[in-house]
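[1] Need coordinates for the below:
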Amino acid sequence: MRKALRKLGERLALRIRSNIFWNSKKLRRAVKTKIKSYKRGKIIWMGTGFLNDNSDDWRLKVKAHAYNNGWVPYPKGRPTNRKGKGWRKGLRRLGGTKIYQTEFLTRVYKDTLPQATDMLLDAVTEAVKEVSTK
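    Predicted structure coming up:
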């Protein structure tokens, strides 16, 4: 199972890197896959996302989130009665269109979900064959 999940994670990471079409070498390098097993191998968890060892780790994650989901700026010319230090915080999500919404992560996960079930079923059948031959 771990081998099948590793292969799936590598495929996901490759597709995510290819979907980053803007010039960001750090973001491409930060795409990682992690596999953990719990309860003596009974539960296996796999995650593919952004992980960086540098101090700008949070910046890369925020950038990836902004490019995937986009963000909504305050519409120009709309009157506001907010004043003081936090005047911009109250203006978010009050209309306007999303910009920079590429959904590069969402598309990859949707496309590879059918492949994931096939790969995991193949791994289970191989494990059953190995056990039955012993």
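
[2] buried sites along the one helix or strand residue 60 maps to?
    Per DSSP states H and E, residue 60 falls inside helix 57-69. Within helix 57-69, the residues that qualify as buried are 60-61, 63-64, 67-68, counting by 16 or more other CB atoms under 10 Å. Just so you know, the C-beta spots here come from the backbone N, C-alpha and C atoms, and that holds for glycine as well.

[3] Just the residues contacting it, thanks.
    20, 22, 24, 26-27, 30, 50-52, 98, 100-106 (CB atoms under 8 Å, 6 or more residues apart in numbering).

[4] Out of the residues you listed, which end up buried?
    By 16+ other CB under 10 Å, those give 20, 27, 30, 50, 52, 102, 104-105 as buried.

[5] any idea which helix or strand comes after the lowest-mean-pLDDT helix or strand in the chain?
    Least confident helix or strand of the chain, by mean pLDDT, DSSP states H and E, is helix 57-69 with a mean of 82. Note on helix 57-69: by DSSP H and E, the next helix or strand toward the C-terminus is helix 104-133.
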